[in-house]
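>>> need coordinates for the following:
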Amino acid sequence: MELTELEFRVLAALAIEPGRAWSFRDLRAAGWDPGEPTADDLHTVRSVVQRLRRKLADAGALVRIEAIRGFGYRIELRPAPPRSVPDLRHPELLTS
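Below you'll find the predicted structure:
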């Protein structure tokens, strides 16, 4: 999965502590250098998160970025899809 440097920094901040709620301000501080002109633009934070959500979904990642209304975002692990387990009571069905 290809990420821009900004997307990587935001994703890395979220992934350091899965489940931690990150405020918009904390994500701006983690993703942008203080001197960057977009550092105070809430819309830009939302746009980066939207792109990350799309890229993670397209890659089949087992994480999702959840919005916390009026506060920010957090990353959550999704359960892995169930795997089929061979029925060991019928060894003739197993293939080598």
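
>>> quick check: end-to-end length of stretch 16-29?
Stretch 16-29 has an end-to-end distance of 15 Å (criterion: C-alpha to C-alpha, to the nearest Å).

>>> next one: it to chain centre, how far?
Counting by C-alpha atoms, centre = their mean, to the nearest Å, stretch 16-29 is centred 12 Å from the centre of its parent chain.

>>> model confidence over that stretch, on average?
Mean pLDDT, computed over stretch 16-29, is 88.

>>> what residues of the top helix by length along the chain count as buried?
Ranked by residue count, the top helix of the chain under DSSP state H comes out as helix 42-58. Under the neighbour-count criterion of 16 or more other C-beta atoms under 10 Å, helix 42-58 has 44-45, 48-49, 52-53, 55-56 buried. Every C-beta, even on glycine, is put in place using the N, C-alpha and C of the backbone.
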